[in-house]
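**Student:** fold the following and give me the result.
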Amino acid sequence: MQHKKEENAPPAPASAFKSPCRHLRSKEMYYQSYGTPEDEFSSGVYWCTKTQENFGPDGQSCGQGECCGERPCYVS
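**Tutor:** Residues are numbered from 1 along each chain as shown. Below is the predicted model of the structure:
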């Protein structure tokens, strides 16, 4: 049985498809599941490989929720 796509369904909001910038890093990326919020050992510390700081080229802070498509420095 095939499912039909609803023609009148609104598109999913862009925020539903947030993927972090490719320049975003955290130490958890190197030894466990990337940035799992439920992880009791997660540091929550992020940095940008462009600036090597905890803020991006636009001067805004880095984070899994912050470094997404709405920022001018975002790279998918």
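**Student:** low-confidence ranges, the protein, go.
**Tutor:** Within the chain, the stretches with pLDDT under 70 are 1-17, 32-39.
**Student:** all strands of it, in order?
**Tutor:** 24-26, 46-48 (DSSP state E).
**Student:** so residue 51 is in contact with residue 59, correct?
**Tutor:** No. Contact criterion CB atoms under 8 Å: residue 51 and residue 59 do not qualify, at 9.2 Å. Quick note: C-beta positions are derived from backbone N, CA and C, even for glycine.
**Student:** so for these two, which residue has more residues nearby?
**Tutor:** residue 51 (15 against 9; other CB atoms under 10 Å).
**Student:** list just the one of the strands of the chain that sits closest to residue 68.
**Tutor:** Closest to residue 68 of the strands of the chain, according to CB to CB: strand 24-26, at 9.3 Å.
**Student:** elements contacting the closest one?
**Tutor:** strand 46-48 (3 or more CB pairs under 8 Å, 6 or more residues apart in numbering; DSSP states H and E).
**Student:** show me what the strand it packs on is packed against.
**Tutor:** strand 24-26.
**Student:** okay then, goodbye and thanks.
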